[in-house]
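Provided below for reference: sequence and predicted model.
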Amino acid sequence: MAAPIEAFRQALAQSAARGLELPEDLIPEIVSQMRTPDPGHGDLALPCFTLGKRAKKNPTDVAKQVVSYLADDPRWSAASAAGPYVNVRFSDEALKAAVVRAAREPTYGTNTVGQGRTTVIDFSAPNIAKPLAFHHLRSTVIGGAIARIHAACGYRTVGINYLGDWGKQFGLLATGFKRHGDPARRHDAKHLVEVYVKANQDADTATPRAIMDRPAEARALAERLKEAKVALASAATADEGKRSAKTVKSLESKLRTLRGVGENEDPTTDFDAFLSALEAAALAARPALESAEAYDREARLFLKRLEDGDEDALAEWREFRSTSIAEFERVYARMGIAFTYWEGEASYQSVLEETVQKVRMRPGTEMSEGAEIVALPRKPNEAPVLLKTRDGTTLYITRDIATAIDRYERFQFDRSLYVVGEAQSLHFEQLFRTLTAMGFDWVDRCQHVKFGRVHGMSTRRGQVVFLDEVLDEAVAKAREICEASARVDPGVLDDVVESIGIGAIVFGDLRNPRASDYRFDWAEVLDFSGHTGPYVQYTHARACSILRKAEGAPDEADLDRLTLDEERALILALARYPDAVIDSCNACEPSLLTRAVIEIAGAAAHYLTAGNKDRNKRVLTDDDAVRAARLQLVDALRQTLASGLALLGLKAPESM
RNA sequence: GCGGGCAUAGCUCAGUUGGAUAGAGCGCUGGCCUCCGAAGCCAGAGGCCGCAGGUUCGACUCCUGCUGCUCGCGCCA
C-alpha cells in the first residue's frame, strides 16, 4: 500500500528535478527538503534554497520555474511560488481517490518496507522475585508499540522478554522465604514480593556500611572545608572568591547530608559533637552489618547451590519462577502485550564461560584490581568493561554479549533493538564496542532504543509502585465517568472501562518522544479531557455511533460529494497516517504515530461537531449521495483510528 | 572530579534533523447540548525560546563559554 503523501512528494520532486534538468538521484534530497506548511499556504511546501544551489540559480527564480513545471499535472489543484518557496495544494480528486477507499481497509497503514527482514526487540525485562512495577511501564509500552509497528511494516518481528531470573536476588527470595514466608502462599506472587522486600532489608549491607564510613568521610570533608575557607579568606580576585564561596557552600551541604536521624548537631558549628554522634552511630551499626552479611552469605550460598545444579534448589527456583511469570502474564494481558519468547539469564549460564573465552581470544582481557576486564581503549576516567568480578563470577555485560551473539545466530536479524532506559547508555555503548572489537560486523544493526525517566511518581513509603495498581486507579476513574454517562451496555462495561483506563496510561506514555523525561501527575493522568487516549477512543466511538445509526457505510459512493473544508482536512489527516507508521518504525519512535492519530481525531472531532451548528454538514444528511460519501469517510476514520490505536496498544471500544 | 541530558506560554510538554507569522494540552476569560456522543467544539488572553558570543541567505534548532536542574560513572542489573 503506497503512502499517499509520499506519492505526492515523489511526484513533486520528480517534476522539479526533470524541469531543472537535475539528475534523478537528487530526488531523495529534494524530498527531504519538503515541509508541511501552514495550512494557509498549501498542503506541501518545497523551500528552494538548496535546490537553487544545485541548479546554480536564484532560489526565487527556481521556485517560479518549478511552479511552471507543475502547470498541467492534474495532481495539483494549485501551485504557487511565494518567494523562494513552492507551495502546492493536492487536487481534491487525487487526494480522495488515494485515501478514502484505501483507509477503509484494515490494511491501511501497513506496508512492505520490512519485507524479508527481521527485527528482534528486547523489552520489558522484569526481574523474577520482584513485582512488575511502575518503572517497567515505559520499556513495556514502548517496546510493545515498536514491535507492533515493525510487524505492520512487514518485518518478521521477534519480541523477547529477557527475565532477570538468576543471581543473588533469587537466593535472597529462597532463603528469605524460610524466615518470612507463609508456606500456604507459595504461589502467590504478591506474597513473594513481600518476602523479597523483607529479605532484601535483612541482607542490606550497604546501609550499615555507609553509616560506619561516615566518620572518616566527615573528617575528610572537614579537612577540605578548612582548606576551602582559607582559600576564600585569601582570594585575590572577586571571581576566585566566588568560586571558593561556592566550594565552601557545597562542602557544608555535603557534611550536613551525613547527618543521620537523631543527630541534630550542626557540623558547621560544632564539628566535634557532630563527629562523636557519627562515631556512636557507626559503632551501633556494626551488629547490623554483621547480621546483614550473614544473610547475604546465605543467599549467595543458595545461588552457589543453583549453579552447582542442586536439584532441590533448582526445583524451588522453577517454582518461584513460574509463579512470577504467571503474575507478569496477567498484567501484560491487560496491556495487550505479547512476547514471541520468554527467556532469561538462567538459560545463558552454560555459555558464559565460553563467551569469556571468546573475549579472551579477541580482543583480549586484562586483570585490574583483581577483576578481569576487556582490553579496550578507554576514554579518560571511563569505567572499564568488567567481564568477571574478583570472585570470578560473571556480570551482566557478559550475559549481554552472549545473548547478542546467540540472537544473531538464531535470527540473522536486520535490527536488534534494546528498549532500555537512558540511564544505561554507557552499558550499551560498551557492549557494542566490545562486540565490535570481537569482530562482529552486525553490531551496527544493534541499537539501544533509550527512553527518558518518569519523574514524580510517589513511591508510597519508599516501596515500589505496582504497575497493576496504577492501572487499577485509572480504570476506576474510567468506570466513574462511564457510569455517569450511562451510555455503555452493562454487559461490556468492565471491558470498556478497562480499555479506557489503561488506554489513558499507555497513550500518555507514548505521547512524547521516548527520549524525553516526563512528569507523572495523577491529576493529569486521571483527567481524560484534552488530547489523551480516551479522547481518541471517544472520537472512534462517535464514528461507530454514526455508522450504527446508518447501519454501516454503503459499498458505493461518489466521493466528489465530499466538498466541505472539514472533510478535506480530515482526509488530509488520514492521508498522513501511513507515512507516520513508516517514520515511527524507522526512528523507533511511537510518538510520531501518536501525534498522527491525535491529528486525525482532532480533525474528526472538528468535522463531526460542525454538524451541530449546521445541519447541512451532518453525516446523516437528507441527500442520499452526500450521505453515502460521508459515511464512507466516517468509516475510513473509524478504521484508521482503530488501526492506529491498536498499533499503540489501545483498544477501541465502539461505545463509551 | 569526569561524562551525558535538559532549560520554549502560569503548569506539563511539542517544534518534522537549519526554513515562512514558535505550537498543543491543562489552567484562565467568553460562547455552543429541542441531542448524527459536551470525555466534545469555537473564540480570546498569555512568549527576551535560560544568559552571552559565534557560524550563514536564514538559528528554538549547529558551535563555544556561562548559569541552573538532572542522570550516569569497577566487581548490582
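Everything's here; your move.

now A:A82: phi and psi?
With angles defined as degrees, to the nearest 10, A:A82 sits at phi -120, psi 90.

where's the residue lying closest to it once chain neighbours are set aside relative to A:S77, distance?
Spatial nearest neighbour of A:A82, chain neighbours left out: A:H41 (6.7 Å); criterion: Cβ to Cβ, 6 or more residues apart in numbering. Yep, even glycine has a C-beta here, placed from its N, CA and C like the rest. Using Cβ to Cβ, to the nearest Å, we find A:H41 at a distance of 14 Å from A:S77.

now do the contacts for the residue in the stretch 551-656 of chain A positioned nearest to RNA strand B.
Nearest residue of the stretch 551-656 of chain A to RNA strand B: A:G611, at 1.8 Å (Cβ to the nearest atom of the strand). By Cβ atoms under 8 Å, 6 or more residues apart in numbering, the contact set of A:G611 is A:K617, A:R618, A:V619.

least confident secondary structure element in chain A?
helix A:238-257 (a mean of 68; mean pLDDT, DSSP states H and E).

after that helix comes which helix or strand?
helix A:271-307 (DSSP states H and E).

could you say what helices and strands the helix or strand hosting A:R89 packs with?
Secondary structure from DSSP H and E places A:R89 in strand A:85-90. On a contact count with 3 or more Cβ pairs under 8 Å, 6 or more residues apart in numbering; DSSP states H and E, strand A:85-90 meets helix A:4-19, strand A:44-47, helix A:59-69, strand A:76-82.

count residues in the vicinity of A:R362, would you?
Close neighbours of A:R362, defined as other Cβ atoms under 10 Å, add up to 10.

that one touches A:L435, doesn't it?
No. Assessed by Cβ atoms under 8 Å, A:R362 is found out of contact with A:L435, at 11.0 Å.

and A:I337, that one's in a strand?
No. Per DSSP: H, G, I helix; E, B strand; the rest coil, A:I337 lies outside any strand segment and is coil.

quick one: the strands in chain A?
Secondary structure of chain A (DSSP state E): strands located at A:44-47, A:76-82, A:85-90, A:118-122, A:156-163, A:341-344, A:365-368, A:371-374, A:386-388, A:415-421, A:446-451, A:454-455, A:518-519.

who touches the strand holding A:R89?
Contacts for strand A:85-90 (Cβ under 8 Å, 6+ apart): A:8, A:12, A:16, A:37, A:41-48, A:63, A:66-67, A:70, A:75-81, A:572.

residue boundaries of the helices in the stretch 51-200 of chain A?
A:59-69, A:92-103, A:137-152, A:168-180, A:189-202 (DSSP state H, counting those that start in this stretch).

distance to A:E217 and mean neighbour count for these - can I get that in TSV?
Shown next, in TSV, are those (distance: least, Cβ to Cβ, whole Å; neighbours: other Cβ atoms under 10 Å):
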stretch	distance to A:E217	mean neighbour count
helix A:59-69	64	19
helix A:92-103	65	20
helix A:137-152	35	25
helix A:168-180	27	21
helix A:189-202	23	19
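
which residue ranges make up the domains of chain A?
Listed domain ranges for chain A are A:4-90, A:118-170+A:307-455, A:206-306, A:469-648 (source: automatic domain parsing).

give me every residue that touches the residue nearest the centre of chain A.
The structure's chain A has its C-alpha centroid closest to A:I142; by Cα atoms, centre = their mean the separation is 3.5 Å. Counting by Cβ under 8 Å, 6+ apart, A:I142 touches A:F123, A:V419, A:V449, A:F451, A:D509, A:L510, A:R514, A:P590.

out of the residues you listed, who's nearest RNA strand B?
Using Cβ to the nearest atom of the strand, A:R514 comes nearest to RNA strand B of the contacts of A:I142, at 8.9 Å.

quick check: residues of the stretch 251-400 of chain A near RNA strand B?
Residues of the stretch 251-400 of chain A found near RNA strand B (Cβ under 7 Å from any atom of the strand) are A:345, A:368-371, A:373, A:379-384, A:386, A:389-391, A:393, A:395-396, A:399.

rerun that using 10 Å as the cut-off
Residues of the stretch 251-400 of chain A found near RNA strand B (Cβ under 10 Å from any atom of the strand) are A:300, A:303, A:344-345, A:366-373, A:378-400.

out of these, which are buried?
A:300, A:303, A:344-345, A:371-373, A:384-388, A:394, A:397-400 (16 or more other Cβ atoms under 10 Å).

about what we covered before: and of the helices of the stretch 51-200 of chain A, who's closest to A:A313?
helix A:168-180 (7.2 Å; Cβ to Cβ).

can you list the neighbours in contact with that closest one?
Contact with helix A:168-180 is made by A:127-130, A:186, A:192, A:194-196, A:198-200, A:202-203, A:295-296, A:298-303, A:306, A:313, A:316-317, A:320, as judged by Cβ under 8 Å, 6+ apart.

again, but for stretch A:473-480
Here stretch A:473-480 makes contact (Cβ under 8 Å, 6+ apart) with A:493, A:496-498, A:500-502, A:504-505, A:522, A:525-526, A:528, A:534.

I'd like the average pLDDT over it.
When pLDDT is averaged over stretch A:473-480, the result is 96.

mind listing what's buried along that stretch?
Of the residues in stretch A:473-480, those buried (16+ other Cβ under 10 Å) are A:A474, A:V475, A:K477, A:A478, A:R479.

so who does A:R305 touch?
If you count contacts by Cβ under 8 Å, 6+ apart, then A:R305 has A:D312, A:A313 around it.

try 10 Å this time
A:G171, A:A174, A:E311, A:D312, A:A313, A:L314, A:E316, A:W317 (Cβ atoms under 10 Å, 6 or more residues apart in numbering).

before we move on, back to that, of the contacts of stretch A:473-480, which belong to helices?
Among the contacts of stretch A:473-480, the members found in helices (DSSP state H) are A:L493, A:V496, A:V497, A:E498, A:I500, A:G501, A:I502, A:A504, A:I505, A:W522, A:V525, A:P534.

would a markdown table of the residues you listed with neighbour count be doable?
Formatted as a markdown table, the ones in helices among the contacts of stretch A:473-480 follow (neighbours: other Cβ atoms under 10 Å):
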| residue | neighbour count |
| --- | --- |
| A:L493 | 16 |
| A:V496 | 23 |
| A:V497 | 23 |
| A:E498 | 19 |
| A:I500 | 28 |
| A:G501 | 29 |
| A:I502 | 24 |
| A:A504 | 26 |
| A:I505 | 24 |
| A:W522 | 14 |
| A:V525 | 19 |
| A:P534 | 25 |
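
need those residues in JSON lines (columns: pLDDT and distance to RNA strand B).
Below are the ones in helices among the contacts of stretch A:473-480 laid out as JSON lines (pLDDT from 0 to 100; distance: Cβ to the nearest atom of the strand, whole Å):
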{"residue": "A:L493", "pLDDT": "95", "distance to RNA strand B": "10"}
{"residue": "A:V496", "pLDDT": "97", "distance to RNA strand B": "7"}
{"residue": "A:V497", "pLDDT": "97", "distance to RNA strand B": "8"}
{"residue": "A:E498", "pLDDT": "97", "distance to RNA strand B": "12"}
{"residue": "A:I500", "pLDDT": "97", "distance to RNA strand B": "5"}
{"residue": "A:G501", "pLDDT": "97", "distance to RNA strand B": "9"}
{"residue": "A:I502", "pLDDT": "97", "distance to RNA strand B": "12"}
{"residue": "A:A504", "pLDDT": "97", "distance to RNA strand B": "8"}
{"residue": "A:I505", "pLDDT": "96", "distance to RNA strand B": "13"}
{"residue": "A:W522", "pLDDT": "92", "distance to RNA strand B": "12"}
{"residue": "A:V525", "pLDDT": "92", "distance to RNA strand B": "10"}
{"residue": "A:P534", "pLDDT": "97", "distance to RNA strand B": "4"}
